[in-house]
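S.K.: Turn this into a model:
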Amino acid sequence: MDLEQARKQINDIDKQIIELFEKRMHAVADIATFKHHNNMSIFQPDRETEIINANLQLLDDVHLKPYAQKMLTYLMEISKSYQSHILNLENDIKKLPVKKYGLLGEKLAHSLSPRIHDLFFGITGIKASYVLNQVPKNRINSIVESIKALDMDGVNVTIPYKENVIPQLDKISEEAQKIGAVNTIKIVDDKAFGYNTDYFGIGQMLSYGNIPVEDNDFYILGSGGSAKSVICYLIDNNAAEIVLVTRNKEKALKQFANLNSDIIIIDYNEFEDVRESYCVINTTPVGMFPNIDDSPIDEDKIKCFGCAVDLIYNPIETKFLYFARTNGLKTVNGLYMLVAQAIKAQEIWQERIYPSQIITFIYKQIENLLQVQRQSFYLIGFMGSGKTTIGRLLAELLEMPFLDIDEYIEMKTQKTISEIFETDGEQHFRTLELEALEQTDDIPRIFATGGGILTYQPSREYLEDKNCIYLKNDIEILYDRIKDDSNRPLVDSIEKLTERLQEREEAYEKVSSLTIDTKDLSVFDISKQIMKQITKLIP
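M.R.: Next up, the predicted model:
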């Protein structure tokens, strides 16, 4: 390639970059506005780092990595600057974030903590960030030093570091000392103070579930750190009898030696003879996603109790709680505890008390999110209706994987859609669409489907019992969007497209669980409409 050819290639690439940049900034604006209207944090440093690292993995030329990192970092800064401009936050951005908080642990990929705390910041107007900090085990002895070095105001601590961090603290609270674990640290004047807000969260959870403690009997499944927090709370609130059920009785007798006079410790063989009792609490990870078909005890044993509590919150209803509910027991999951302990940490950091309505509001928001994230949603509609654009935005807002069926087919076949139509015909393409649907339904996702997917009866039957969202628009608008797109094999005159849309309209309407009239709506407005109504699709 000579100099002129190289320059021309660069100019052509620059034009593409500018076009993509414009599209990106429009999407940035839509996301910023949506988050602002829904009290979600605009600035998320942890997410920025995650996105940059993910994009760097796409590079084939590793020598370009440091330059790509600079480019992506600068692009993030430009995006934040533009967001602050459109939301009138220029003065705030220089101050954001004033306070720095986060979560420390070994594996944090699926943590809900950032979303909980970001919702809290949005409700209270506190200018702060909350980031995830994964700490390898070889650095456990310098956790507090690292917190101070990062100039953080406070952190939450999760497994496996709740006990390891204690010797590094200047002082710990009474409940943390009793439980032997710290999950919240506050830094004041270079001093580190430790607390255990799980204790508070347990109390709030039981109260919210209307499960009184005083003079009632409790069976605790599991003998880990969570069990100790539960037991300490039950003892302090005058439970009548507390029975700890564990697989290793000898180990538990040593582990709970300071509480042996207050509790009875048995193994699961002895539990077979359980008598009728008030409440059973699962503190084990049995039944947690993805092992959702497991239960720590059999249904027959669950029937012996009047109520059941599971500290697991994903899924919202474990198999353990399902058995309990279907047998008439009162049930409570661990999500309220998670939110309550997070707000208690904020009370410690902000040095003030917040109304319990904040806990309940955030709990409902997160509960809805978890229920939505367990489902797949399929965007259907005519070509040009924005299924891919809306799908990507929805997936980001819901923190779910996104998959474009057309892109998946192109990746699998190494052909463009137009090439498949030309060489193999439309009928073959329709069978590829069905195969793509069947091959990618392994996990919940947001799907963007092709405009003609319902013309193939097997695909239509496949989608009939799915959560389909129809993006509806006028043919004039759709035609204007697609008329110059050479990558669409079935683009024709507006008259023929009108006829084709009329042929498909009934199928779109019948298969869809939710129809959104997108005429005159921005990407943000369409997404907002879907987000408002999507929980109605959850069975």
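S.K.: quick one, strands of the stretch 151-300 of the chain?
M.R.: For the stretch 151-300 of the chain, the strands defined by DSSP state E, counting those that start in this stretch occupy 154-157, 171-172, 184-188, 191-195, 217-221, 241-246, 264-267, 277-282.
S.K.: Show me what the first one is packed up against.
M.R.: Counting contacts by 3 or more CB pairs under 8 Å, 6 or more residues apart in numbering; DSSP states H and E, the secondary-structure elements packed against strand 154-157 are strand 99-105, strand 184-188, helix 335-350. C-beta: built from backbone N, CA, C; applies to glycine.
S.K.: Mind putting the ones you listed into a markdown table with distance to Phe382, mean pLDDT and mean neighbour count?
M.R.: Listed next are those as a markdown table, based on distance: least, CB to CB, whole Å; pLDDT from 0 to 100; neighbours: other CB atoms under 10 Å:
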| stretch | distance to Phe382 | mean pLDDT | mean neighbour count |
| --- | --- | --- | --- |
| strand 99-105 | 44 | 91 | 21 |
| strand 184-188 | 52 | 95 | 21 |
| helix 335-350 | 39 | 97 | 23 |
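S.K.: residue contacts, Pro315?
M.R.: Gly287, Phe289, Ile292, Leu370, Arg374 (CB atoms under 8 Å, 6 or more residues apart in numbering).
S.K.: sec struct for it, please.
M.R.: With DSSP: H, G, I helix; E, B strand; the rest coil as the basis, Pro315 sits in coil.
S.K.: now it: how far from Leu403?
M.R.: Counting by CB to CB, to the nearest Å, the separation of Pro315 from Leu403 is 22 Å.
S.K.: Worst mean pLDDT across the helices and strands of this structure, which element?
M.R.: helix 90-93 (a mean of 46; mean pLDDT, DSSP states H and E).
S.K.: Which pLDDT value does the model give Phe43?
M.R.: Note for Phe43: predicted pLDDT of 61.
S.K.: what's the answer for the one 5 residues further on, then?
M.R.: According to the prediction, Glu48 has pLDDT 71.
S.K.: One more: Asp61?
M.R.: pLDDT, read off for Asp61, is 77.
S.K.: Can you get me a residue count around it?
M.R.: Asp61: 8 surrounding residues under other CB atoms under 10 Å.
S.K.: got it, and Thr449?
M.R.: Thr449 has 24 nearby residues by other CB under 10 Å.
S.K.: And for the one 10 residues further on?
M.R.: Counted by other CB under 10 Å, the residues lying close to Ser459 total 24.
S.K.: Go ahead and confirm it touches Gly450.
M.R.: No: if you go by CB atoms under 8 Å, Ser459 and Gly450 don't touch, sitting 9.2 Å apart.
S.K.: hey, what's in contact with both of the two?
M.R.: Glu433.
S.K.: what does stretch 142-155 rub up against?
M.R.: 99-104, 128, 133, 135, 139, 157, 161, 164-165, 168-169, 184-187, 190, 192, 345, 348-349.
S.K.: ok now the single longest helix found in the chain, how far from the chain's centre?
M.R.: Secondary structure of the chain per DSSP state H: the longest helix is helix 3-37. Helix 3-37 sits 28 Å away from the centroid of its parent chain (CA atoms, centre = their mean, to the nearest Å).
S.K.: and it, what does it pack onto?
M.R.: helix 65-86, helix 387-398, helix 523-533.
S.K.: confidence score at the residue most central in space within the chain?
M.R.: Centroid-nearest residue in the chain, with CA atoms, centre = their mean: Glu399, separated by 5.1 Å. Looking at Glu399, its pLDDT stands at 79.
S.K.: Tabulate the contacts of Pro315 (JSON lines), appending neighbour count.
M.R.: Formatted as JSON lines, the contacts of Pro315 follow (neighbours: other CB atoms under 10 Å):
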{"residue": "Gly287", "neighbour count": "22"}
{"residue": "Phe289", "neighbour count": "15"}
{"residue": "Ile292", "neighbour count": "16"}
{"residue": "Leu370", "neighbour count": "17"}
{"residue": "Arg374", "neighbour count": "15"}
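S.K.: Closest one to Leu537 out of these, please.
M.R.: Checking these against Leu537 with CB to CB, the nearest one is Arg374 at 11.6 Å.
S.K.: thought Met76 was touching Val28?
M.R.: No: taking contacts as CB under 8 Å, Met76 lies outside contact range of Val28: 9.9 Å.
S.K.: Could you list the domains of the protein?
M.R.: Taking automatic domain parsing as the criterion, the chain consists of the domains 14-95, 200-333, 375-537.
S.K.: and Ile359, which of those domains is closest to it?
M.R.: domain 200-333 (6.6 Å).
S.K.: what's the span of that closest one, first residue to last?
M.R.: 16 Å (CA to CA, to the nearest Å).
S.K.: now stretch 299-307
M.R.: 13 Å.
S.K.: Show the average pLDDT along it.
M.R.: Summarised as a single mean, pLDDT over stretch 299-307 is 95.
S.K.: Buried residues of the helix or strand harbouring Leu132, list them for me.
M.R.: Element membership of Leu132, judged by DSSP states H and E, is strand 128-134. Across strand 128-134, burial judged by 16 or more other CB atoms under 10 Å covers Ala128, Ser129, Tyr130, Val131, Leu132, Asn133.
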